[in-house]
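J.: got a sequence here, can you model it:
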Amino acid sequence: MIPYGKQTISEHDIDAVVEVLKSDWLTQGPKVPAFEQAIADYCGANFACATNSATSALHIACLTLGVGENDLVWTSPISFVASANCALYCGAQIDFVDIDLATGNMSVAALAEKLTLAKQNNCLPKVLIPVHLAGQSCDMQAIHTLAKKYGFKVIEDASHAIGAKYQNKSIGCCQYSDITVFSFHPVKIITSAEGGMAVTNDRVLAEKMHRLRSHGITNNPELMTEASHGPWYYQQIELGYNYRMTDLQAALGLSQLTKLDQFVAKRNELALTYDRAINSLPLAHLTQHTDCYSSYHLYIVRLINASKEQHKTLICKLRAHNIISHLHYIPIHLQPYYKALGFNEGDFPNAEQYYQQAITIPLYPAMTTDEQLEVISAIRQSV
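T.: Purely as a prediction, here's the structure:
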């Protein structure tokens, strides 16, 4: 079986985890801040906050930016549901901005049009969450310009995009956003088994995220309501969560980080081979913008001018060859939970058309030449 993605774990990774298992600290020890600093340094950001998942990081990022009841948060309908759920956790309302069909990313033109109408109706978003689908950055400079014009904050959902670049700068530098969030799930670019990270250049935002990921507790005397009772003393000054990352996870993440550039280079090499192979087929790969260097978390193609049944048949044929093709993603607004909130088919036509065409085919750093040729051969036989 050839999966659509999987982790690559080395003996060095295993040794790093075993070292922590033999240490005095399994959690809340030195590895987590070391991992945070390493990610911040890699991205060119000032601060980082590790969490037990990217979903948790998105949640506390929203809370830190003041998202609450009656606020509006906008994101892409083509993403995993966590990109939208994080706003609902805060009591906010969610809405979506349609995608650019060629890239799968949020359409800046659709965003600008929606903002114009929202301003007229006095219902502008408090936070926008653009999603870097498959590892390619959204047009963040254009989004940043709109953010300044209309006064909303920006959280980059870069769950797919650590190791990617935009305008020759690392995703996560937060040049055009307030906070960027990464995922370290096993199928992502690097893994900490489970885990996430929020990076920012704002010290106040970073300090609040650190509190929120650990019950809203502080031991900083400057933030307490009374003088400290002693070296053991702490105060809960706001409602937080148990979203901490363990030292075991951080150790694995630190070890994986040393191979990040190698992983991304290999993913780009595999993607180029796919690009060349599908040129003569009724398939289109996601367009890559010249300002972007994708981390290629996923390799997504679109089956052009095909019916729903032909689309389904191709995925099933590949799976019959033990090639696990997949679909990223079902538009969030078509999920039953979101339909119950008032969303309907036809609300975001590009996202819905994308869903009827998109197929994720296998790509991961350990993929062999023979495996990739097998995938290409199966696609040619099946389209």
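J.: any idea how far the spatially closest residue to residue 138 that is not a sequence neighbour lies from residue 259?
T.: Distance criterion Cβ to Cβ, 6 or more residues apart in numbering; nearest residue to residue 138, sequence neighbours excluded, is residue 130 at 4.1 Å. C-betas here are computed from N, CA, C, even on glycine. Here the criterion is Cβ to Cβ, to the nearest Å. By it, residue 130 lies 27 Å from residue 259.
J.: more crowded one of the two?
T.: residue 130 (27 against 17; other Cβ atoms under 10 Å).
J.: tell me the spacing between the more buried one and residue 174.
T.: 13 Å.
J.: overlap of the contact sets of these two?
T.: Listed as contacting both residue 130 and residue 174 by Cβ atoms under 8 Å, 6 or more residues apart in numbering are residue 156.
J.: what's the burial count for residue 227?
T.: Applying other Cβ under 10 Å, we find 7 residues neighbouring residue 227.
J.: isn't it right up against residue 235?
T.: No - using Cβ atoms under 8 Å, residue 227 and residue 235 do not qualify as a contacting pair, with a distance of 11.1 Å.
J.: for residue 330, give me its contacts.
T.: Neighbouring residues of residue 330 by Cβ under 8 Å, 6+ apart: residue 355.
J.: look at residue 280 and report its pLDDT.
T.: On pLDDT, residue 280 comes in at 86.
J.: then residue 19?
T.: At residue 19, pLDDT is 98.
J.: now it: closest residue in space, sequence neighbours ignored.
T.: residue 251 (6.8 Å).
J.: contacts only, for that neighbour.
T.: By Cβ under 8 Å, 6+ apart, residue 251 lies in contact with 16, 17, 19, 20, 31, 35.
J.: who's in contact with residue 128?
T.: 73, 74, 75, 97, 111, 143, 147, 152, 153, 154, 155.
J.: does it have beta-bridge partners, and which?
T.: Beta bridges link residue 128 to residue 74, residue 154, judged by DSSP bridges.
J.: what about residue 56, distance to residue 82?
T.: 9 Å.
J.: comparing those two, which residue is more hemmed in?
T.: residue 56 (27 against 22).
J.: and the pLDDT for the closest residue to the more buried one other than its chain neighbours?
T.: Excluding its sequence neighbours, the residue lying closest to residue 56 (Cβ to Cβ, 6+ apart) is residue 243, at 3.9 Å. Looking at residue 243, its pLDDT is 98.
J.: for residue 95, same thing?
T.: pLDDT for residue 95: 98.
J.: give me the number of residues near it?
T.: By other Cβ under 10 Å, the residues close to residue 95 number 21.
J.: that one reaches residue 76, doesn't it?
T.: No - the pair residue 95 / residue 76 is not scored as a contact, 10.9 Å apart, by Cβ under 8 Å.
J.: any idea which residue is closest to the centre of the chain?
T.: Closest residue to the average C-alpha location of the chain: residue 159 at 1.8 Å, with Cα atoms, centre = their mean.
J.: who's in contact with the nearest residue to that residue once chain neighbours are set aside?
T.: What sits nearest to residue 159 in space, not counting adjacent residues and going by Cβ to Cβ, 6+ apart, is residue 183, at 3.7 Å. Listed by Cβ under 8 Å, 6+ apart, the contact set of residue 183 reads 53, 54, 159, 160, 195, 196.
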